[in-house]
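Asker: Kindly generate the corresponding structure for this input.
(2 chains)
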Number of protein chains: 2
Amino acid sequence: METVVSEKKQRILEAAACLFRDKGYSATSMRDLAGAVNLKASSLYNHISSKEEILQEICLANASRFHRGMEQIRELPEDDPQGRLEALLKLHIRIATQDVTSVTSFNDEWRHLSEPYLTQFLDMRRAYESFFRRVIRKGTEQGLFRPADESVVLYSLISSLRWLYDWYEPGKRLAPADLEEQLIPLLIRGILVG
Amino acid sequence: METVVSEKKQRILEAAACLFRDKGYSATSMRDLAGAVNLKASSLYNHISSKEEILQEICLANASRFHRGMEQIRELPEDDPQGRLEALLKLHIRIATQDVTSVTSFNDEWRHLSEPYLTQFLDMRRAYESFFRRVIRKGTEQGLFRPADESVVLYSLISSLRWLYDWYEPGKRLAPADLEEQLIPLLIRGILVG
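Answerer: Below you'll find the predicted structure:
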């Protein structure tokens, strides 16, 4: 699903993601974007056809990143839900800290996708959340995770990492490895029995 | 700072908050809003002068809610940081579940405020975060909370409740009291020593 993009196009996608974060998708114009990457609007159209195309590329590329991560985590033993859960949290931290465009699909900008992209995006998200729920359920069934409402656990965990998308900038004081080391125990301890 | 608003105005603010959540502030028009509250656009202007005025009222009313909550929590004993932290988390849950307009200032719509409202809003938020940080620091100094990066703890906690603003609807399966009972231990256990 992910396509190889040129270096210039990647730079345009990243600048667009920052503008979407700061101003919102609706308020960002192609003129703003051209300014952010130092191109004339006419040259910008050599690389992308519309603002909506950018949103599609960003959202589907990120949904694909989560999808590929999930496929790798599925290879981990099913009867080690703690290992799988830690891997899921690491995946979120890695995506949030490594790809500035990920903020766009995590903020509510995906709502602006048109069909068939919206359905495609939501289907991938639903599959991801349903895998995440199964990991939580397995841990609870094994008596390893405290019994709790599945939705509360799922959305709190995912949501608790959301600030990274707004806050994290590469080169900041905390490296991704430090963040993992701090965040994963913070989140996991709330869930584990004993 | 908070002003008493008529019932009709309150209904307009709530409808605006839902539109801001679903479409974003920039993409919401006064015409959308008039439609949502079954008024003619001309009648809408009897109650509010502009979309920006709505945003100002919503954001400052919510900042005031957090401010008043913080003032009450400041009355709790300083040497019981766990009690204060639990009260802060309850305050977030209460505001998220009781007032649909709170979503607007929690999402990134506050960025669209103009001056002097933006500075006013950010000052109140800064004061609130700084109180929250002091509670975390106190718990860590007392050896009650695990040593961790203060920003990581602060933003993870606040962020972990953010999904409530998108997800929670009054009358849903989980009452606010159930949410508190599930969420507070989930969040607190990650922080406490032992």
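Asker: same for the host helix or strand of residue A:20, what does it pack against?
Answerer: For residue A:20, the host element (DSSP states H and E) is helix A:7-23. On a contact count with 3 or more C-beta pairs under 8 Å, 6 or more residues apart in numbering or on different chains; DSSP states H and E, helix A:7-23 meets helix A:30-36, helix A:41-47, helix A:51-73, helix A:102-106. (Each C-beta comes from the backbone N, C-alpha and C, glycine too.)
Asker: winner for burial among those?
Answerer: helix A:102-106 (a mean of 24; mean count of other C-beta atoms under 10 Å in any protein chain shown).
Asker: so how far is that helix off the chain centroid?
Answerer: 6 Å (C-alpha atoms, centre = their mean, to the nearest Å).
Asker: likewise stretch A:172-188?
Answerer: 17 Å.
Asker: Tell me which residues of that stretch come out buried.
Answerer: A:174, A:176, A:179, A:180, A:182, A:183, A:184, A:186, A:187, A:188 (16 or more other C-beta atoms under 10 Å in any protein chain shown).
Asker: Filtering these by proximity to chain B, which remain?
Answerer: Among those, the residues lying close to chain B (C-beta under 8 Å from any C-beta of the partner chain) are A:174, A:179, A:182, A:183, A:186, A:187, A:188.
Asker: Adding pLDDT and secondary structure, write the residues you listed out as CSV.
Answerer: Listed next are those as CSV, based on pLDDT from 0 to 100; DSSP: H, G, I helix; E, B strand; the rest coil:
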residue, pLDDT, secondary structure
A:174, 81, coil
A:179, 88, helix
A:182, 88, helix
A:183, 90, helix
A:186, 89, helix
A:187, 91, helix
A:188, 91, helix
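Asker: surely residue A:9 meets residue A:44?
Answerer: No - counting by C-beta atoms under 8 Å, residue A:9 stays clear of residue A:44, with 10.4 Å between them.
Asker: Can you identify the helix in chain A that spans the most residues?
Answerer: Counting residues, the longest helix found in chain A (DSSP state H) is helix A:117-141.
Asker: low pLDDT regions in chain A?
Answerer: In the predicted model of chain A, residues A:1-5, A:170-171 satisfy pLDDT under 70.
Asker: and it, which residues reach chain B?
Answerer: Counting by C-beta under 8 Å from any C-beta, chain A sits next to chain B at A:21-27, A:107-108, A:111-112, A:146, A:148-149, A:151-153, A:155-163, A:166-167, A:174, A:178-179, A:182-183, A:185-191.
Asker: repeat that with 6 Å
Answerer: By the rule C-beta under 6 Å from any C-beta of the partner chain, the part of chain A lying against chain B is A:24, A:26-27, A:148-149, A:152, A:155-156, A:159-160, A:162-163, A:182, A:186, A:189-190.
Asker: And the spatially most central residue of chain A, how close does it get to chain B?
Answerer: Nearest to the geometric centre of chain A sits residue A:102, at 4.8 Å (C-alpha atoms, centre = their mean). Relative to chain B, residue A:102 is positioned 15 Å away (C-beta to the nearest C-beta, to the nearest Å).
Asker: which ones are touching that residue?
Answerer: By C-beta atoms under 6 Å, 6 or more residues apart in numbering or on different chains, the contact set of residue A:102 is A:62, A:95, A:96.
Asker: Closest to residue A:85 out of the ones next to chain B among the buried residues of stretch A:172-188?
Answerer: Of all those, residue A:85 sits closest to residue A:188, with 6.8 Å by C-beta to C-beta.
Asker: thinking again about what came up before, list the buried residues for the helix holding residue A:20?
Answerer: A:9, A:11-21, A:23.
Asker: In this structure residue A:44 contacts residue A:34, no?
Answerer: Yes - with contact defined as C-beta atoms under 6 Å, residue A:44 reaches residue A:34; the gap is 4.7 Å.
Asker: neighbouring contacts of the longest helix of chain A?
Answerer: Outside helix A:117-141, the residues touching it (C-beta under 6 Å, 6+ apart) are A:56, A:59, A:63, A:66-67, A:70, A:81, A:84-85, A:88, A:110, A:113, A:145, A:147, A:150, A:153-154.
Asker: Just list the residues touching residue A:187, thanks.
Answerer: residue A:157.
Asker: 7 Å instead, please
Answerer: By C-beta atoms under 7 Å, 6 or more residues apart in numbering or on different chains, residue A:187 lies in contact with A:89, A:157, A:160, B:190.
Asker: Please tell me which one of those counts the most neighbours.
Answerer: Ranked by the number of neighbours (other C-beta atoms under 10 Å in any protein chain shown), those place residue A:160 first, at 27 neighbours.
Asker: what's the distance between it and residue B:159?
Answerer: 5 Å (C-beta to C-beta, to the nearest Å).
Asker: Now do the SS call for residue A:26.
Answerer: Counting by DSSP: H, G, I helix; E, B strand; the rest coil, the backbone at residue A:26 sits in coil.
Asker: isn't it right up against residue B:29?
Answerer: No - applying C-beta atoms under 7 Å as the test, residue A:26 and residue B:29 come out as separate, 10.8 Å apart.
Asker: quick one, which of these two is more surrounded?
Answerer: The neighbour comparison of residue A:26 against residue B:29 (other C-beta under 10 Å) goes to residue A:26, with 16 against 13.
Asker: how far away is that one from residue A:112?
Answerer: Where residue A:112 is concerned, residue A:26 sits at a distance of 7 Å (C-beta to C-beta).
Asker: cool, and residue A:92?
Answerer: Taking C-beta to C-beta, one finds residue A:92 at 23 Å from residue A:112.
Asker: Great, nothing more from me.
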